[in-house]
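Trainee: Give the three-dimensional model of this entry:
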Amino acid sequence: MRFSLIFKIIILNILIPKMVHAAVCEERYPPDSEECQYVQELEQKAEQGDESAQFSLGDWYADGRYVRPDYRLAIKWLEKAGKQGSDFSYFVIGYHYNYGKNFPLDKQQALKWYRKAAELGDSSTQEILGDAYLYGDGLPYNIPLALEWYRKAASPTNDAGVTRHRGSGSSAQYKIGVMYAHGQGVHQDYQQTASWMHKAAENMYDPAQLYLGVAYFYGEGVPQDYRQAVYWLNEGIPGSYTTGHIPLNALYDKAHPADQVYSQTWYRKTAKRVMAKVQYNFGVWYYNGYHLSKDHNLALEWYRKAAAQGLAEAQDAIGVMFMQGEGVSQDDQQALTWYRKAARQGLPAAQTHLGIMSAFGRGVVQSDRQAIAWYRKAAKHDFAQAQYQLGVAYSTGKGVSKNSQNALKWYLKAAEQGFAPAQLALGEIYSHGRQGVPKDNKLAYIWYDRASLYTRKSEDECLALIAERDRLKETLTPAQLDETYAAIDLIRRKIEQSEAAKNTTRKKY
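Mentor: As a prediction, this is how the structure comes out:
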């Protein structure tokens, strides 16, 4: 009995060291591969207390890089690194809980770990906590606490007095400026707004630079100065591109170099021609959460500023907010009023929205024929959504005689501009042999593939779309796949050309 116990102890002493450093690598990395050997070496260093190794190993378990994803092991190693002062380790845990990739989706757990990182001085998580308190997102709505965390994030040094890198906290500085502009938790003070915007602008934060351009143009919190307005607008425009906004050219050209001084009249005219578009773009950023926190009330405020100057895109955007009840009470009549203002200026998006209102009888007498009339106006300008709606109409026979060839024609026009619903419709038509066309797995695969890239559907719907695409791929021969890849490349270039043409047109004043 005693001999048996001794034997077991010897065996365990031999095996345990090997088991300690036995991270399970991804299947594509066999145990003797260079990648898996590196993981084993990193695990040994992590066990010995190496903070960098602990962070890397935890990050890999969180992402499923080299090793099989395992959120418990990710937390184990990232927490060890965090206890040695790695604030970013706690941020990574919070991030994965917040977005649910390889972790359970859990907002409260995310905030718990974000707070740990914030208390160690991480500016990005300090700002996240400020957002959570400001919008009541997972934490009780509390403006003073939001401001407190924003101030911590905006400080040039952390709590330990260590200087942060340039640009750190610039978005928090911008948000404090916005709070002073609206009197949120502080007395309304446009001079304080301008002061905070200057800090963020000097840290190269594009929205703050553009905000200063607007402030100098109107003399809000700063002396009115059209030259300063042009300077800050010109600084902010190049880096401000996001989907859905109006692209803008730099304000200086070869005829007007930036290093020369011009009259205030020239600066005023130069700033004025982009002012409404800059204000509209602020609305887009707040509406979608690009650059800035998503905030429909602030989006509407900026859209109204641009709409007051007659910008059709802003008028249409306000119509969308009334139609959907975002930032305002839902009101079809108000939506119609704003859509009509924009449509009178020939904006295809507004014409399409009026068509949709007619098709569903929202605020007007239901009329498929009137809807078609609006879609045709917009489609003349190559507006993809209107082209898609015409495809639907010809598929269903609503407002027009049912016609499969016309349906395919309009779907194709929209699909080649990157409009995902049209791409999906073509994928389904060719996959199931609808609209009088024979089944064609090659074409179905092509359009499902494109739709999977451009779709705005939920993650589950997107995964189902990818699964159908992959199923179709299995039915194709190598030669057919080569043909599909060539066709996909051609479609991709057409979509890129379409986007470039739209941006060129929209940049014209």
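Trainee: quick one, phi psi at T157?
Mentor: As for T157, its main-chain torsions (degrees, to the nearest 10) stand at phi -130, psi 150.
Trainee: what about the nearest residue to it once chain neighbours are set aside, neighbour count?
Mentor: The spatially closest residue to T157, leaving aside those adjacent along the chain, is T163, at 5.4 Å (C-beta to C-beta, 6 or more residues apart in numbering). Backbone N, C-alpha and C define where each C-beta goes, glycine included. Neighbours of T163 under the rule other C-beta atoms under 10 Å: 9.
Trainee: so T163 touches S123, yeah?
Mentor: No: contact between T163 and S123 fails when scored by C-beta atoms under 8 Å: they sit 11.9 Å apart.
Trainee: pLDDT below threshold where in the protein?
Mentor: 1-22, 502-509 (pLDDT under 70).
Trainee: most centrally placed residue in it?
Mentor: Nearest residue to the geometric centre of the chain (C-alpha atoms, centre = their mean): Y290, 5.7 Å.
Trainee: So for stretch 402-415, what gets flagged as buried?
Mentor: For stretch 402-415, burial by neighbour count (16 or more other C-beta atoms under 10 Å) applies to 403, 406-408, 410-415.
Trainee: again, but for stretch 457-471
Mentor: Per 16+ other C-beta under 10 Å, stretch 457-471 contains these buried residues: 462, 465-466, 468-469.
Trainee: In terms of helices and strands, where is the residue lying closest to P421 once chain neighbours are set aside?
Mentor: Among residues not flanking P421 along the chain, Y388 sits closest, at 5.6 Å (C-beta to C-beta, 6+ apart). Using DSSP states H and E, Y388 sits in helix 384-396.
Trainee: Would you mind identifying the next helix or strand past that helix?
Mentor: Following helix 384-396 in sequence, per DSSP H and E, is helix 404-415.
Trainee: Quick one: work out the angle between that next one and helix 384-396.
Mentor: Angle, helix 404-415 to helix 384-396, by axes from the mean of the first three to the mean of the last three C-alpha atoms, to 10 degrees: 160 degrees.
Trainee: Give me the contacts around helix 404-415.
Mentor: The contact list for helix 404-415 (C-beta atoms under 8 Å, 6 or more residues apart in numbering) reads 379, 382, 384-385, 387-388, 390-392, 394-395, 400, 421-423, 425-426, 429, 435-437, 447, 450, 491.
Trainee: ok now it, how far from the chain's centre?
Mentor: How far helix 404-415 lies from its chain's middle: 29 Å, per C-alpha atoms, centre = their mean, to the nearest Å.
Trainee: Same question for stretch 410-428.
Mentor: Worked out by C-alpha atoms, centre = their mean, stretch 410-428 lies 22 Å from the chain centre.
Trainee: With stretch 272-291 instead?
Mentor: That offset, for stretch 272-291, works out to 15 Å (C-alpha atoms, centre = their mean).
Trainee: same deal with stretch 113-133?
Mentor: 21 Å.
Trainee: Between the two ends of that stretch, what distance do you get?
Mentor: Stretch 113-133 stretches 16 Å from its first residue to its last (C-alpha to C-alpha, to the nearest Å).
Trainee: Chain neighbours aside, what residue packs nearest to Q370?
Mentor: Using C-beta to C-beta, 6+ apart, the closest residue to Q370 is S358 (4.2 Å).
Trainee: which residues of the stretch 201-350 of the chain fall in helices?
Mentor: Assigned helices in the stretch 201-350 of the chain, in chain order: 206-218, 226-236, 264-288, 296-307, 312-324, 332-344, 348-360 (criterion: DSSP state H, counting those that start in this stretch).
Trainee: And the stretch 51-200 of the chain, by the same measure?
Mentor: 51-63, 71-83, 87-99, 107-119, 123-135, 143-154, 170-182, 190-202.
Trainee: Format the ones you listed as a markdown table; extra columns: distance to Q497.
Mentor: Supplementary listing: the helices of the stretch 51-200 of the chain in a markdown table, determined by distance: least, C-beta to C-beta, whole Å:
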| stretch | distance to Q497 |
| --- | --- |
| helix 51-63 | 35 |
| helix 71-83 | 43 |
| helix 87-99 | 34 |
| helix 107-119 | 41 |
| helix 123-135 | 38 |
| helix 143-154 | 42 |
| helix 170-182 | 34 |
| helix 190-202 | 35 |
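Trainee: can you redo the ones you listed as CSV with mean neighbour count and distance to L42?
Mentor: Below are those laid out as CSV (neighbours: other C-beta atoms under 10 Å; distance: least, C-beta to C-beta, whole Å):
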stretch, mean neighbour count, distance to L42
helix 51-63, 21, 5
helix 71-83, 20, 10
helix 87-99, 22, 15
helix 107-119, 20, 22
helix 123-135, 23, 25
helix 143-154, 20, 32
helix 170-182, 24, 34
helix 190-202, 21, 39
